[in-house]
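>>> From the sequence below, what's the structure:
(chains A and B)
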There are 2 protein chains.
Amino acid sequence: MKFFCESTELADAVLKAAKALPVKKQMPILEGIKFRAEGDKLTVLASDLELSIQKVIKADIKIEGEAVISGRFIADFVKKLNNDTVEINVNDNKMTIAYEDNKVTLQCLNADEYPPILMFDEEKGLEIKGKELKDMIEKVIFCAATDDSRPIYKGCNIEAGDGTVTAVALNGVRLGYHKKEIELNGKSLNFIAPSRSLSEAAKLIDNPEDIVEIILQKNNVQFNLGGTKIISRLIDGKYIDYKKIVPSEYSVEVTADKKQLEEAIERATLILREEKSDIIKLEIKEKVIEITSKSELGNIKETVTAGIKGKDLIIAFNAKFLIDMLRNIDDEYIKLYFINSTSPCVIKPVEGDEYLYLILPMKIAA
Amino acid sequence: MKFFCESTELADAVLKAAKALPVKKQMPILEGIKFRAEGDKLTVLASDLELSIQKVIKADIKIEGEAVISGRFIADFVKKLNNDTVEINVNDNKMTIAYEDNKVTLQCLNADEYPPILMFDEEKGLEIKGKELKDMIEKVIFCAATDDSRPIYKGCNIEAGDGTVTAVALNGVRLGYHKKEIELNGKSLNFIAPSRSLSEAAKLIDNPEDIVEIILQKNNVQFNLGGTKIISRLIDGKYIDYKKIVPSEYSVEVTADKKQLEEAIERATLILREEKSDIIKLEIKEKVIEITSKSELGNIKETVTAGIKGKDLIIAFNAKFLIDMLRNIDDEYIKLYFINSTSPCVIKPVEGDEYLYLILPMKIAA
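Just a heads-up that it's a prediction; the model follows:
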């Protein structure tokens, strides 16, 4: 293998692919990034078998071929290159990268050991504006589980069709839902992908105006973003019927200033810094939400004025989960709905139904 | 104790004092920040007994008194306050902070246990522009030891008099020296302070145009920066005669582009990412410095063109130490001086003698 390419393009491709390098220990070959030189294109690929990312760039190819080299090294290395042409040569299982008057020689991994990664090339998929997809994913993904509890809790459900796209993520304690009215190119789809894969896909949308193409095939979903392809295994099974989890009737409706509420809860958690749990208590009464927290250090009482409809209520939450939700809301005012101190709280916009967050309360110590 | 003050001023004072909170476990009372309300002033103080920082702000004091409360909590808390007046009240060993419609109640520590911290109030000291002091400290302090090897290695020597100020820090392997011609107010001084104390003092110089007053007394040095006073214990003993360490004659003189050299060394270290030592080899020969490094991953050869006077030389260094020095040099070109592969390398400006760095070489594996 021998080719010349621009260092900035090489850096961009390597750094994008590197996002799919395994986070946990995997087969040693997957620690590598794979280069394939063919025609006038260089393909740069990394994978942890669940998530694979590939970017194709232009290259002046003298000898076609394939090589795999240490992913972490090459990712660090390309960041430090100056803007210039680099020459890459593979011989005797050694890769030489020549740049300016300098040269690095690397031991290659065995390219034959690299597992085949299937990418869809021709298929025409559903098209969606990068900005919309990125926004939806980022605003629900934090509700997915990060531990190994139930596989379905680690996923995010995306459903598109009839001019509507919805994204949902949930675990046993909280749920995030977003909906957008978007012009779609007549296609529809419905899949559950691991939250890590979607999160990396969202991060790779550099230009929010770009169109992302989504292709579903067998157990995989592929996102095409210009020259970058992201493919992820899907999570098997039927998604949880989240509509059944969301109560349809409430006994208390609160309208609050989002920023005031968020800041008050943030301050209330400070006293819990040395505690194991982040439990705060909300007391909803005439015209105010009183937020209290206590620990060995002392106690905090925050008062947020609010519009209240319904009876008084005392309810407790994990403050961290509540803050996560509030941080992901851009509205100035929000509505909070309650039933009683043991039923979920639901957060929605004052108008419309673009988003919905649900959080289970915690037991209040007697 | 009872007083009113502005939350922004309180936050500034608490966050400045908090820099002196103990880094390692100490007497429990020192985990607290001490408030003293007296006359129309609130004094906020923290100390780890070696370093103490105190800031005085205006306050509307209703009842004078003293209180000590958890430093880490109050530092986090004041960051989250909105711009407003706060009311602080101490009663029954409980501090209440009221802000807007909110209230935090904190368990106080026992103020009587707080050790007496001496600050000099009246003394007139040496005056130096904040910018100059900050710059000198930051450019040598990284050469001091951070481990517990020899106490003197953990210090930095500052000497001022006759219109010249010098700062020196060194450990067994490297030395940093800076000198500035500065108009002084007729005073002179010479002291060795712990590098942590000087580093915190440098960071607290917000406004580089401000004048810093330095006062020496017994075993302490005090820096006055407006309403902030920083006092540090000195390190006993005579400083190392660093002039004796710096060779007076050299056999090789190299003139190099600082940025090119720094970038080349940075790239060369990348291949060492999984190695324990950061050893790189410099080969100085006709018109170039060749920098090489190798590990199991492969090897890198970087070539930097340079002006060379003297014989060829091969010498090895800890790359990290060399990079630290280069990063702290603002000049476009520098001079490097060598004797042989076992003697120290000295880095100086092309003209003048504003700074000098010295680094010991490493043994080259046969």
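>>> C-alpha from now on. contacts and neighbour counts both.
OK.
>>> how about the helices in chain A?
Per DSSP state H, chain A carries helices over the ranges A:7-17, A:71-79, A:130-140, A:195-203, A:242-245, A:258-270, A:319-327.
>>> can you tell which of the ones you listed is closest to residue B:138?
Proximity to residue B:138 (CA to CA) singles out helix A:71-79 among these, at 26.8 Å.
>>> That closest one packs against which elements?
Judged by 3 or more CA pairs under 8 Å, 6 or more residues apart in numbering or on different chains; DSSP states H and E, the packing partners of helix A:71-79 are helix A:7-17, strand A:32-38, helix B:258-270.
>>> Measure how far that helix is from the centre of its chain, please.
Relative to its chain's centre, helix A:71-79 lies at 23 Å (CA atoms, centre = their mean, to the nearest Å).
>>> tell me the mean pLDDT over that helix?
Mean per-residue pLDDT for helix A:71-79: 95.
>>> Could you export that helix as PDB, keeping only the C-alpha atoms?
Output of helix A:71-79 as PDB, limited to C-alpha atoms (Å, rounded to 0.1, in the frame of the first residue of the first chain):
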ATOM      1  CA  GLY A  71      -5.900   3.500  16.800                       C
ATOM      2  CA  ARG A  72      -5.000   5.400  19.900                       C
ATOM      3  CA  PHE A  73      -1.500   6.300  18.600                       C
ATOM      4  CA  ILE A  74      -2.600   7.400  15.200                       C
ATOM      5  CA  ALA A  75      -5.500   9.500  16.700                       C
ATOM      6  CA  ASP A  76      -3.000  11.400  18.900                       C
ATOM      7  CA  PHE A  77      -0.500  11.600  16.100                       C
ATOM      8  CA  VAL A  78      -2.700  13.200  13.400                       C
ATOM      9  CA  LYS A  79      -3.700  15.900  15.800                       C
END
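>>> For it, buried residues please.
Under the neighbour-count criterion of 16 or more other CA atoms under 10 Å in any protein chain shown, helix A:71-79 has A:71, A:72, A:73, A:74, A:75, A:76, A:77, A:78, A:79 buried.
>>> Name the nearest residue to the residue of chain A most remote from its centre, ignoring sequence neighbours.
For chain A, the largest distance from the centre (CA atoms, centre = their mean) belongs to residue A:101, which lies 40.9 Å off. Using CA to CA, 6 or more residues apart in numbering or on different chains and skipping the chain neighbours, the partner closest in space to residue A:101 is residue B:303 (5.9 Å).
>>> is the one you found in a bridge, and if so with what?
On the basis of DSSP bridges, residue B:303 is bridged to residue B:290.
>>> Might you report the residue contacts of it?
Each residue near residue B:303 by CA atoms under 8 Å, 6 or more residues apart in numbering or on different chains is listed here: A:101, A:102, B:264, B:288, B:289, B:290, B:291.
>>> just checking, the last one touches residue B:301?
Think residue B:291. Yes: taking CA atoms under 8 Å as the definition, residue B:291 is a contact partner of residue B:301 at 5.7 Å.
>>> Between the two, tell me which one has more neighbours.
Remark: of residue B:291 and residue B:301, residue B:291 carries more neighbours, 24 against 21, as counted by other CA atoms under 10 Å in any protein chain shown.
>>> Distance of that one relative to chain A?
For residue B:291, the distance to chain A (CA to the nearest CA, to the nearest Å) stands at 9 Å.
>>> tell me the contacts of the residue most central in space within chain A?
When chain A is reduced to its mean C-alpha position, the nearest residue by CA atoms, centre = their mean turns out to be residue A:199, at 2.0 Å. Residues near residue A:199 by CA under 8 Å, 6+ apart: A:137, A:138, A:141.
>>> between those residues, which is closest to residue B:334?
When the contacts of residue A:199 are ranked by distance to residue B:334 (CA to CA), residue A:138 comes first, at 48.0 Å.
>>> Below-threshold pLDDT in chain A: ranges please.
A:365-366 (pLDDT under 70).
>>> I'd like the helices and strands packed on helix A:71-79 laid out as a markdown table, including distance to residue B:309 and mean neighbour count.
Shown next, in a markdown table, are those (distance: least, CA to CA, whole Å; neighbours: other CA atoms under 10 Å in any protein chain shown):
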| stretch | distance to residue B:309 | mean neighbour count |
| --- | --- | --- |
| helix A:7-17 | 34 | 22 |
| strand A:32-38 | 44 | 23 |
| helix B:258-270 | 17 | 21 |
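>>> Dump these to TSV, plus distance to residue A:51.
TSV is the format used below for those (distance: least, CA to CA, whole Å):
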stretch	distance to residue A:51
helix A:7-17	10
strand A:32-38	13
helix B:258-270	26
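>>> so which of these comes closest to residue A:243?
In terms of CA to CA, the element of the helices and strands packed on helix A:71-79 nearest to residue A:243 is helix A:7-17, at 36.2 Å.
>>> could you give the angle of the closest one to helix A:71-79?
Computed with axes from the mean of the first three to the mean of the last three CA atoms, to 10 degrees, the direction of helix A:7-17 lies at 150 degrees from that of helix A:71-79.
>>> domain assignment for chain A?
Listed by automatic domain parsing, the domain ranges of chain A are A:2-113, A:126-243, A:247-359.
>>> Turn those domains into CSV, including distance to residue B:118.
Listed next are those as CSV, based on distance: least, CA to CA, whole Å:
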stretch, distance to residue B:118
domain A:2-113, 50
domain A:126-243, 50
domain A:247-359, 28
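>>> between the ones you listed, which one is nearest to residue B:338?
For residue B:338, the closest of these is domain A:2-113, at 23.7 Å, according to CA to CA.
>>> related to what we said a few turns ago, common neighbours of residue B:291 and residue B:301, please.
Residues touching both residue B:291 and residue B:301 (CA under 8 Å, 6+ apart): residue B:268.
>>> Look up how far residue A:343 lies from the closest residue to residue A:256 other than its chain neighbours.
Leaving aside its sequence neighbours, residue A:256 sits nearest to residue A:306 (CA to CA, 6+ apart; 4.9 Å). Separation of residue A:306 from residue A:343 (CA to CA, to the nearest Å) stands at 21 Å.
>>> Which one of the two is surrounded by more residues?
For residue A:306 versus residue A:343, the count of surrounding residues by other CA under 10 Å is larger for residue A:306: 19 against 15.
>>> related to what we said a few turns ago, name the nearest of the contacts of residue A:199 relative to chain B.
Checking the contacts of residue A:199 against chain B with CA to the nearest CA, the nearest one is residue A:138 at 25.2 Å.
>>> can you pull the contacts of residue A:218?
With CA under 8 Å, 6+ apart as the criterion, no residue contacts residue A:218.
>>> For it, give its distance to residue B:291.
Taking CA to CA, one finds residue A:218 at 51 Å from residue B:291.
>>> likewise residue A:112?
According to CA to CA, residue A:112 and residue B:291 sit 34 Å apart.
>>> you'd agree the residue farthest from the centre of chain A is up against residue B:302?
Yes: Residue A:101 lies in contact with residue B:302 (CA under 8 Å); the separation is 7.0 Å.
>>> rewinding a little: so which of the helices of chain A gets nearest residue B:38?
Of all the helices of chain A, helix A:258-270 comes closest under CA to CA, at 28.5 Å.
>>> Can you list the neighbours in contact with that closest one?
Residues external to helix A:258-270 that are found in contact with it (CA under 8 Å, 6+ apart): A:278-280, A:291-293, A:300-304, A:319, A:323, A:326-327, A:329, A:331-334, B:73, B:76-77, B:80.
>>> Could you give me the ChimeraX syntax to select whichever of the residues you listed are buried?
Burial among the contacts of helix A:258-270 is assessed by 16+ other CA under 10 Å; the matching ChimeraX selection reads:
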select /A:278,279,280,291,292,293,300,301,302,303,304,319,323,326,329,333,334 /B:73,76,77
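>>> tell me which parts of chain A are close to chain B?
Listed as neighbours of chain B in chain A under the rule CA under 8 Å from any CA of the partner chain: A:70, A:73, A:76-77, A:80, A:101-107, A:263, A:266-267, A:270-271, A:273, A:296-303.
>>> who touches residue A:77 in this structure?
Per CA under 8 Å, 6+ apart, neighbours of residue A:77: B:267, B:270.
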